[in-house]
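**Q** just need the structure, nothing else, for what follows:
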Amino acid sequence: MTPKRLLQIALVAFMAAALSLGAERVWYGGISEDGTLQESLFLPLGFAFALLAVVAVLGALVLKARGGSRQTGRNGPKSKLRKTKQKEK
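**A** Predicted coordinates:
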């Protein structure tokens, strides 16, 4: 997975978190007249989306620091590695 794709996932997750937490704030998230806490699934869902977004951003930063996607591996494409080994023999 590329860093760009992870950042796109993070953006969508941040938007979903904002919508979920906003819905919690507008329609729920208060104390009723009889003293019970009104809570919905939007609050934990919002925090889960926010956590996913943070993890995706951190993953994109790690991949960017490593120089691209994991598909190429540490030493570049495998075909280059095989060609150099063949030349040594």
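
**Q** ok, which stretches of this protein are strands?
**A** For the chain, applying DSSP state E gives strands covering 30-31, 37-38.

**Q** format those strands as TSV; extra columns: mean pLDDT and mean neighbour count.
**A** Backbone N, C-alpha and C define where each C-beta goes, glycine included. Listed next are the strands of the chain as TSV, based on pLDDT from 0 to 100; neighbours: other C-beta atoms under 10 Å:
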stretch	mean pLDDT	mean neighbour count
strand 30-31	77	10
strand 37-38	78	10
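
**Q** could you dump the ones you listed to TSV with distance to I9?
**A** Converted to TSV, the strands of the chain look like this (distance: least, C-beta to C-beta, whole Å):
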stretch	distance to I9
strand 30-31	32
strand 37-38	31
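
**Q** contacting residues around the residue nearest the centre of the chain?
**A** Centroid check for the chain by C-alpha atoms, centre = their mean gives A56 as the closest residue, at 2.3 Å. Counting by C-beta atoms under 8 Å, 6 or more residues apart in numbering, A56 touches L6, L7, I9, A10, A13.
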